[in-house]
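1. coordinates only, no sequence provided:
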């Protein structure tokens, strides 16, 4: 007899296995703070079947499945801040992860909620967000160091005060 | 409110994420067929917490958690053939995986069950097992090619017939 497993259980286990929360940053001159904050929730590694990612997308009712040419794999990804705050984060708060990713979720939730309040667009807020994001478990290689972004923010604000 | 998710669901999702079935081989002169068959079920990657692996061990009531110095991570591993055939395989047959690993489970189950009947210890049986194992999704790098093992078996049997 084949039993369909409980979907939230599977979602949590699959996320523990190959999901991750991350916050990346870009230099962006047009922004007040000079640095853009980009939170993302993504699931996908080499053995993910499209069906398994579609199961996630259907479950959450948000996000996109995209093909990553870099490593020839599919990824399910949610970048929209409202979807992160209203759909993704509450689910993982209700159904806690079992791996170290649980700690990432805590920081990720703090960052996303502070973004909803616009804190990523002022000096003090973005500096706190940068520090929190860089204390998360690294998912992949970061092109730029924390200090580079801190300097970019500080420079932007010192220009303003001239 | 925090809800503990359903355990089988989590186990299946976590296995879809970072588990795998594999069958490796060694040259072993003392065996009739010259080649030893070693099936293994393992779960563990860099973000696995010990707690998540203990959850798996407790759930299945078999296997070991071992520290892998190579990559500095913990793994939950089941190598005992009876445990694989009686505990691991039936669970994943009852609660199917959602990723490509589902196909591996099918081949893995065929191999383990044929080992229970001793087929890995005769020429025809080990050759079938080798072919099946090498058609599974590669989990890590194989040191030796299929043809090397096939040649080792054939050589062993041609010696016997002299």
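-> Perfect, thanks for sending it. Since we're looking at a predicted model, the values are computed, not measured.

2. now the nearest residue to residue A:42 once chain neighbours are set aside, what are its backbone angles?
-> In space, and not counting its chain neighbours, residue A:42 is closest to residue A:77: 4.5 Å by C-beta to C-beta, 6 or more residues apart in numbering or on different chains. For the C-beta atoms, the positions are set from N, CA and C on the backbone; glycine is no exception. Per-residue torsions, residue A:77: phi -140, psi 140 (degrees, to the nearest 10).

3. what is the burial count for residue A:77?
-> A count of nearby residues for residue A:77, using other C-beta atoms under 10 Å in any protein chain shown, gives 18.

4. quick check: pLDDT value at it.
-> What the model reports as pLDDT for residue A:77 is 94.

5. so who does it touch?
-> Residues counted as contacts of residue A:77 (C-beta atoms under 8 Å, 6 or more residues apart in numbering or on different chains) are A:40, A:41, A:42, A:43, A:44, A:63, A:64, A:65, A:66.

6. lowest-confidence member of those, which is it?
-> Ranked by pLDDT, the contacts of residue A:77 bottom out at residue A:44, which scores 83.

7. got the contact list for that residue?
-> For residue A:44, the contact set (C-beta under 8 Å, 6+ apart) comprises A:18, A:53, A:68, A:73, A:74, A:75, A:76, A:77.

8. so residue A:133 touches residue A:35, yeah?
-> No - if you go by C-beta atoms under 8 Å, residue A:133 and residue A:35 don't touch, sitting 10.8 Å apart.

9. who touches both of those two?
-> Common contacts of residue A:133 and residue A:35 (C-beta under 8 Å, 6+ apart): residue A:25.

10. so which elements touch the host helix or strand of residue A:83?
-> Using DSSP states H and E, residue A:83 sits in helix A:81-83. Under the contact criterion of 3 or more C-beta pairs under 8 Å, 6 or more residues apart in numbering or on different chains; DSSP states H and E, helix A:81-83 touches helix A:101-116.

11. ok now do whatever residue of chain A ends up closest to chain B, which residues does it touch?
-> Minimum separation of chain A from chain B (C-beta to the nearest C-beta) falls at residue A:17, amounting to 1.2 Å. Counting by C-beta under 8 Å, 6+ apart, residue A:17 touches B:13, B:14, B:15, B:16, B:17, B:18, B:19, B:45.
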